[in-house]
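Engineer: following is a predicted model, sequence given first.
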Amino acid sequence: MVRELPEGRLSGRIVEAEGYPPGDPAGHHFRGPTPRNQSLFLRCGHVYVYFNYGMHFMLNISSERAGIGGGVLIRALEPLEGIELMQRHRKSTDLIDLTRGPGRLAAALRIDRTLDGLDLFSRGPLWIGVRVPEKSARHVAVKEPPAAVTVRIGITRAADKLFRFYERGNPFVSGPKRLLR
DNA sequence: AGTGCGATTGACT
DNA sequence: GTCAATCGCACTA
């Protein structure tokens, strides 16, 4: 995940996310489009930013064809670039909690509703890149990071669905210990 | 027009 | 472990 700001570039590896697919009663798109959630109905790859609990922004990415509601909540990053600026945004120097959790992540990247509706493919102020290894590893077997699947965090409806995905063992993943697998 | 609560976090016992 | 902060919005009437 790459955030471009006048002060510099911020980036991090996505290590935790949750799916909110079409028809999911826990999704904000479930009851149809409204002014708040219309970005979830844009073609996949658009940003939906939700202001939660009156104080935290949450970063989502639409995941379906145009007109179909669905999205992915980005819950945690492993910080890569611009760590000092992220620390200023978070008013904390604690590295492990810098982007661990959806609210912290959005604060660190200075994400708010002005980014709502943005097309991630447009290479604007926010986009997703593919990290290229420092050295060419074509002849080396690339090891896939171990993935784990659990129920989603902090929801009440469809609470049994296994739609949370994270990199096993990564210290930048959020959530209660009982969900660790 | 009024109301209850939410995809969380940080402070505190 | 508990709990307050804080507000936009969907829902009810």
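Structural biologist: Ah, there it is. Numbers count the residues shown, from 1 in each chain, chains lettered A, B, ... in the order given.

Engineer: any residue of the strand ranked longest in chain A touching DNA strand C?
Structural biologist: Using DSSP state E, we find that the single longest strand of chain A is strand A:8-20. No. Strand A:8-20 does not reach DNA strand C (CB under 7 Å from any atom of the strand); its nearest approach is 14.7 Å. Bear in mind the C-beta positions are built from the backbone N, C-alpha and C, glycine included.

Engineer: got the contact list for the least confident helix or strand in chain A by mean pLDDT?
Structural biologist: For chain A, the helix or strand with the lowest mean confidence is strand A:147-150, at a mean of 95 (criterion: mean pLDDT, DSSP states H and E). By CB atoms under 8 Å, 6 or more residues apart in numbering, the residues outside strand A:147-150 that reach it are A:162, A:164, A:165, A:166, A:167, A:168, A:175, A:179, A:180, A:181.

Engineer: what's the ChimeraX line that selects buried ones from those?
Structural biologist: In ChimeraX syntax, the buried subset of the contacts of strand A:147-150 is picked out as below (16 or more other CB atoms under 10 Å):
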select /A:164,165,166,167,175
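
Engineer: TSV for the contacts of strand A:147-150, including secondary structure?
Structural biologist: Below are the contacts of strand A:147-150 laid out as TSV (DSSP: H, G, I helix; E, B strand; the rest coil):
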residue	secondary structure
A:162	coil
A:164	strand
A:165	strand
A:166	strand
A:167	strand
A:168	coil
A:175	coil
A:179	helix
A:180	coil
A:181	coil
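
Engineer: ok, and of the contacts of strand A:147-150, which contact DNA strand B?
Structural biologist: Of these, not one also sits near DNA strand B (CB under 7 Å from any atom of the strand).

Engineer: between all of the contacts of strand A:147-150, which two are separated the most?
Structural biologist: Greatest spacing in the contacts of strand A:147-150, by CB to CB: A:162 and A:167 (15.9 Å).

Engineer: mind listing what's buried in stretch A:69-86?
Structural biologist: A:69-79, A:82-83, A:85-86.

Engineer: repeat for stretch A:89-100
Structural biologist: A:89, A:90, A:98, A:99, A:100.

Engineer: ramachandran angles for the first one?
Structural biologist: Read that as residue A:89. Main-chain dihedrals, residue A:89, degrees, to the nearest 10: phi -60, psi -40.

Engineer: one more: the fourth one?
Structural biologist: Per-residue torsions, residue A:99: phi -130, psi 30 (degrees, to the nearest 10).

Engineer: tell me if I'm right that it and residue A:82 touch.
Structural biologist: No. With contact defined as CB atoms under 8 Å, residue A:99 and residue A:82 do not form a contacting pair (10.8 Å).
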